[in-house]
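Undergrad: Sequence below, structure please.
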Amino acid sequence: NIIFLMVDQMGAKWLEAAMNGICDLPNLRRLQSMGVTFTNAFSNNPVCCPARAGIATGLTSRGHGLLSNGYQLNPNIPTFMKTLQTAGWRTGAFGKIHFYPFDSEYYPYPDYREYGWDIVHTTEDNRTGDWHDWIEREHPEHYDAMLATPANWNAQLPYYRAYGEKKVNLTERMRRAKEEMAWSEGDDGGNSTRTEGYYPLPFPEEISQTNWITNQALGFIDETPVDQPLYAHISYVQPHPPFHPPERFLEMVNDDLIPDPVGYGTDHWNRPDKLPNWRYYRKLYFADFIHIDEQIGRILKRLEKTGRMENSYFVFVSDHGEMLMDHNREGKSANHYDAVIRIPLIIAGPGIKTGCVCDEFVQHEDICPTVLDMDNSLLTNHPRTLVRHKMGTGMPLFSGRSLMPLCRGEEVSEWRTSAFSESFGY
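TA: Model (predicted):
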């Protein structure tokens, strides 16, 4: 079994700060104790679509063709999920995939099965699809509160003007929901600052996106026979902004240890009045870590209960980091600071050294060959992409290399001495 745990916009810089006392993350610590933590893992293109495509294909942006958000990953390019599926593994994806542009005809109900998943239950930044419809159907009393949470750019997406089978115009309802929400003082629910918003979750934790993603993954684990190899791709939207953790997690964050932002409040940016309360902004971000950690704990307990723990590999990774108001900036993309390009990466499982730290330079495109190297037969059966096929068998299958030798503590010759990250357009 392979349990692939992915988060969005969690920088290694911030996870390290969290683990230095800002908040308690026992389940992530447990994963670290079970395997290898890579301290110099880098996003090859620190924005959602290209980074995720690089993980799935083992290629750089120039190899898979996604230079930035707004491009679709060609389903004919081999992914490690497709190779697992072809080899007889039962594959499922839960949460954020983002191989399609959010403003494309594939939404609001993207079907990602063509990339190698048997079962798909998606919910992403745009808040459309399965989770959205479940809230409306099963928890209508919280539907407007949910509509108040997407960042303002979501209202510009064309399918919100004619959403679902009934073609309901939700654009105006989303605007009204934000205006009528009783935000607390200090919250930014209307995106009035230079952020996508930050506030405590305005509806029950039990029906949050994060909990829903976990629930779908647990159902997949439960319904899969124990003797059936499975690949579970559990991909959380948080801590992508808007930062909106359930309120109970805020009291678990040690405010005194939240670091000051670098270069904050200087006057070389326009509209200093648009700068958020950085301490509260960062507190909400770290509170999201605690929420995710609890969900990982739920998954680990279910694997133990179903007898899968001992024969499961684990990967924990983020697509990119977050500026978190260093230099008055939020977000990612061409902000090639450590907070954005260096990502958390933990790999654990059978035959992997436990409680170890590896300082070698590793990148997103190393993950695909690493997953395939968890079963020797998978690497030999992975097809060659068209461009690499034309270049002949002398061309490596991937831009990256398997990390399994490093995970097993083997001597590895001629490992890279630098990391590569690029951005296009912004």
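
Undergrad: buried sites along stretch 367-386?
TA: By neighbour count on 16 or more other C-beta atoms under 10 Å, the buried set for stretch 367-386 is 367-375, 378-379, 382, 385. To be clear about C-beta, it is placed using only N, CA and C from the backbone, and glycine gets the same treatment.

Undergrad: Asp273 looks like it's in a helix, true?
TA: Yes - counting by DSSP: H, G, I helix; E, B strand; the rest coil, Asp273 is found in a helix.

Undergrad: What is the neighbour count of it?
TA: 8 (other C-beta atoms under 10 Å).

Undergrad: Equivalent analysis for Lys167, please.
TA: 9.

Undergrad: Read off the pLDDT value for it.
TA: Listed pLDDT for Lys167 reads 92.

Undergrad: ok, it to Ile55 distance?
TA: Lys167 sits 35 Å away from Ile55, going by C-beta to C-beta, to the nearest Å.

Undergrad: Settle this for me: Pro110 is touching Phe102, isn't it.
TA: No - using C-beta atoms under 8 Å, Pro110 makes no contact with Phe102, being 9.4 Å away.

Undergrad: so Val36, which of the three states?
TA: Val36 - assigned by three-state DSSP - is strand.

Undergrad: what sits against it?
TA: Counting by C-beta atoms under 8 Å, 6 or more residues apart in numbering, Val36 touches 346-348, 352-353, 356-358, 406-407.

Undergrad: Show me the beta-bridge partners of it.
TA: Ile347, Cys356 (DSSP bridges).

Undergrad: Check the burial of Ile22 by counting its neighbours.
TA: With other C-beta under 10 Å as criterion, Ile22 counts 25.

Undergrad: does it really touch Ile258, like I thought?
TA: Yes - proximity of Ile22 to Ile258 meets the contact threshold set by C-beta under 8 Å, at 6.1 Å.

Undergrad: Could you name every residue contacting both of those two?
TA: Common neighbours of Ile22 and Ile258 (C-beta under 8 Å, 6+ apart) are Phe286.

Undergrad: that older thread, got TSV for the buried residues of stretch 367-386, with pLDDT too?
TA: Formatted as TSV, those follow (pLDDT from 0 to 100):
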residue	pLDDT
Ile367	97
Cys368	96
Pro369	95
Thr370	97
Val371	97
Leu372	95
Asp373	95
Met374	95
Asp375	89
Leu378	87
Leu379	82
His382	84
Thr385	69
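
Undergrad: Throw the residues you listed into JSON lines and include secondary structure and distance to Leu284, thanks.
TA: Shown next, in JSON lines, are the buried residues of stretch 367-386 (DSSP: H, G, I helix; E, B strand; the rest coil; distance: C-beta to C-beta, whole Å):
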{"residue": "Ile367", "secondary structure": "helix", "distance to Leu284": "29"}
{"residue": "Cys368", "secondary structure": "helix", "distance to Leu284": "33"}
{"residue": "Pro369", "secondary structure": "helix", "distance to Leu284": "36"}
{"residue": "Thr370", "secondary structure": "helix", "distance to Leu284": "33"}
{"residue": "Val371", "secondary structure": "helix", "distance to Leu284": "32"}
{"residue": "Leu372", "secondary structure": "helix", "distance to Leu284": "37"}
{"residue": "Asp373", "secondary structure": "coil", "distance to Leu284": "38"}
{"residue": "Met374", "secondary structure": "coil", "distance to Leu284": "36"}
{"residue": "Asp375", "secondary structure": "coil", "distance to Leu284": "40"}
{"residue": "Leu378", "secondary structure": "helix", "distance to Leu284": "40"}
{"residue": "Leu379", "secondary structure": "helix", "distance to Leu284": "42"}
{"residue": "His382", "secondary structure": "coil", "distance to Leu284": "41"}
{"residue": "Thr385", "secondary structure": "coil", "distance to Leu284": "41"}
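
Undergrad: What residues does the closest residue in space to Thr370 that isn't next to it in sequence make contact with?
TA: Distance criterion C-beta to C-beta, 6 or more residues apart in numbering; nearest residue to Thr370, sequence neighbours excluded, is Leu403 at 4.4 Å. Contact analysis of Leu403 by C-beta under 8 Å, 6+ apart lists 38, 347, 362, 366-367, 370, 373.

Undergrad: Read off the pLDDT value for Leu403.
TA: On the pLDDT scale, Leu403 gets 97.

Undergrad: which regions of the chain sit below the pLDDT cut-off?
TA: By pLDDT under 70, the weakly predicted segments of the chain are 266-272, 385-396, 426.

Undergrad: Just the endpoints, please. Distance across stretch 116-134?
TA: Stretch 116-134 has its terminal residues 25 Å apart, counting by C-alpha to C-alpha, to the nearest Å.

Undergrad: before we move on, what about stretch 80-100?
TA: End-to-end distance (C-alpha to C-alpha), stretch 80-100: 18 Å.

Undergrad: just the contacts of Leu403 now: which is nearest Lys82?
TA: Lys82 lies nearest to Ile367 out of these, by C-beta to C-beta, at 14.8 Å.

Undergrad: Met6 versus that closest one, what's the distance?
TA: 10 Å.

Undergrad: Much appreciated, bye for now.
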